[in-house]
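S.K.: missing the sequence, but the structure's below:
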């Protein structure tokens, strides 16, 4: 890169920090009041339904994020994928939070470019459009022309964004520090780990040098695939908070009508896009995890007869005639959110794909164990039962009808597997969650392009390929596995002796997991114990009140005790 950025001391925007922190403080205080102090056997009857309250908090956060922009929008998008720690109602409220904010003034954008290059923007570019192509919370994009005459686009960080990011991250860190005082949350998540994940993801998006390198690496990964096109990076016109790329504003991938007008079948686009992501996730392990429609384009290619007439390529904005079965390329843009799947997860993903493609619930759950995404309290047998039910009820459902099927089956899963849903035994790293989110967005996009898209039939060929490679690796490691088996057999008599010693000494412990019927019995027993405790408390209050009536000066307190005891008894009888 040329034009080194000037060093800037990053100060926190104090007013912004205080406002964001005040919002999080209000949320924490509400949680302490309603979910801790009022969440007691007698008082929780006056507690409002928590999901509705948390949904309202999500709406308020959403409104604040749209107003203030910056990291808050990124935080909302980050939380929308944390289905492992947040209820679905909250993540759903945040899931469609768009990173679109009013554009920065053109003069301030030019000042930012001048700061990055050390010379005026008009000297860096032969021409720069005053109207942005797009404006997001961290940066905005302007069309430019280079001194060579080439058309390009320049992505420029918003002036002062570093200070706003620092303020928002400081407020988020303070909020998470407050959560550490609440033991149930501390047992469920690691707030420090969560902050490091979010902070790292956010700071990556501010590093345009890293984004340019991501684009070049993705270009290398797809160099052998003629169906993919990655824009060139113009390093000579990139520096600090400015990244200049080739203009690839072709047909937006979600514009079905425009695709059909030029002779491109949207169903073919859906197939190719899915295949590209399967390759990224399971083969190259370098994944573009922000595949929303604004970051994916379709580039029409000339037909053979057009090529013979001298048409070698179409430029963005060209009028492309309709042609039968026109060839095309998938074009990726915005490479700030690229995830490399670490080696420890690659094998787990392969096992997951094989389990999904072969309808093997046990293998799917085993892949979670291998990936380290299950919390210690996870009930593996119940998880297998849930996945068997999921595979039975959703297998073969077309992508366009998955949402409808999910709504239809929600009551069944809530009734039969409420214990697993409430325990939420997963905690994923951000990298893995962004990959899952990307595949989820991809499924929705494929359904938009082709309502008949069958994700299961598309997955099976990959599963078979990975199963074959897994068998090949197992065959190659057969001698090693044989030695391990012999060692285990040698240790077996010693383990048997140890178990017999425990039996003789009375120290043998057997752990049992109740089935669904057993859980219902335990739940009924728990409710009966709660009712008994309420009856005992009510009786104690009534007796204490009666005794106080006979004591001088105790009439007032006797009335209070008896009224309270009667109230508790009525509530207990009403909820039998």
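M.R.: Looks like it came in fine. The model shown is predicted, which means the values in this text are computed figures rather than measured ones.
S.K.: Can you read off the pLDDT for residue 508?
M.R.: Confidence at residue 508, expressed as pLDDT, is 54.
S.K.: before we move on, what about residue 432?
M.R.: 68.
S.K.: what's downstream of the top strand by length along the chain, the next helix or strand?
M.R.: Looking across the chain with DSSP state E, the single longest strand is strand 127-135. Downstream of strand 127-135, the next assigned helix or strand under DSSP states H and E is strand 139-145.
S.K.: quick one: that following strand to strand 127-135, angle?
M.R.: 150 degrees (axes from the mean of the first three to the mean of the last three Cα atoms, to 10 degrees).
S.K.: give the contact list for the spatially closest residue to residue 234 that is not a sequence neighbour.
M.R.: Spatial nearest neighbour of residue 234, chain neighbours left out: residue 244 (4.3 Å); criterion: Cβ to Cβ, 6 or more residues apart in numbering. (Glycine included, C-beta is placed from N, CA and C.) Residues in contact with residue 244 (Cβ atoms under 8 Å, 6 or more residues apart in numbering) are 144, 146, 152-155, 233-234, 237-238.
S.K.: what are the phi and psi angles of residue 244?
M.R.: phi -110, psi 130 (degrees, to the nearest 10).
S.K.: Repeat that for residue 157.
M.R.: Torsion angles, degrees, to the nearest 10, at residue 157: phi -60, psi 140.
S.K.: Show me what it is bridged to.
M.R.: Assessed by DSSP bridges, residue 157 has beta-bridge partners residue 139.
S.K.: again with residue 134
M.R.: Under the criterion used (DSSP bridges), residue 134 bridges to residue 141.
S.K.: Is it in contact with residue 140, as I believe?
M.R.: Yes - if you go by Cβ atoms under 8 Å, residue 134 and residue 140 touch, sitting 6.4 Å apart.
S.K.: Neighbour count: the two, which is higher?
M.R.: Higher neighbour count among residue 134 and residue 140: residue 140, with 22 against 17, using other Cβ atoms under 10 Å.
S.K.: How are the strands of the chain distributed by residue range?
M.R.: Under DSSP E, the chain gives strands at 127-135, 139-145, 151-157, 228-229, 242-246, 251-252, 286-288, 296-300, 328-332, 338-340.
S.K.: Residue 136 contacts residue 103, doesn't it?
M.R.: No - counting by Cβ under 8 Å, residue 136 does not reach residue 103; the two are 9.7 Å apart.
S.K.: More neighbours: which of these two?
M.R.: residue 136 (22 against 18).
S.K.: What separation is there between the more buried one and residue 207?
M.R.: 15 Å (Cβ to Cβ, to the nearest Å).
S.K.: What distance separates the opening and closing residues of stretch 34-47?
M.R.: Using Cα to Cα, to the nearest Å, the span of stretch 34-47 from its first residue to its last is 6 Å.
S.K.: could you give the mean pLDDT of that stretch?
M.R.: Rounded mean pLDDT across stretch 34-47 is 75.
S.K.: quick thing: my sequence starts at 5, can you match it?
M.R.: Sounds good: first residue 5 from here, last item stretch 38-51.
S.K.: Of all the residues in that stretch, which ones are buried?
M.R.: 38-39, 46 (16 or more other Cβ atoms under 10 Å).
S.K.: Redo those residues as CSV? Include distance to residue 74.
M.R.: Converted to CSV, those look like this (distance: Cβ to Cβ, whole Å):
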residue, distance to residue 74
38, 29
39, 29
46, 44
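S.K.: from these, which is closest to residue 299?
M.R.: residue 39 (38.0 Å; Cβ to Cβ).
S.K.: Just give the number of residues close to the residue nearest to the closest one when sequence neighbours are not counted.
M.R.: Among residues not flanking residue 39 along the chain, residue 54 sits closest, at 6.8 Å (Cβ to Cβ, 6+ apart). Other residues within reach of residue 54, judged by other Cβ under 10 Å, total 15.
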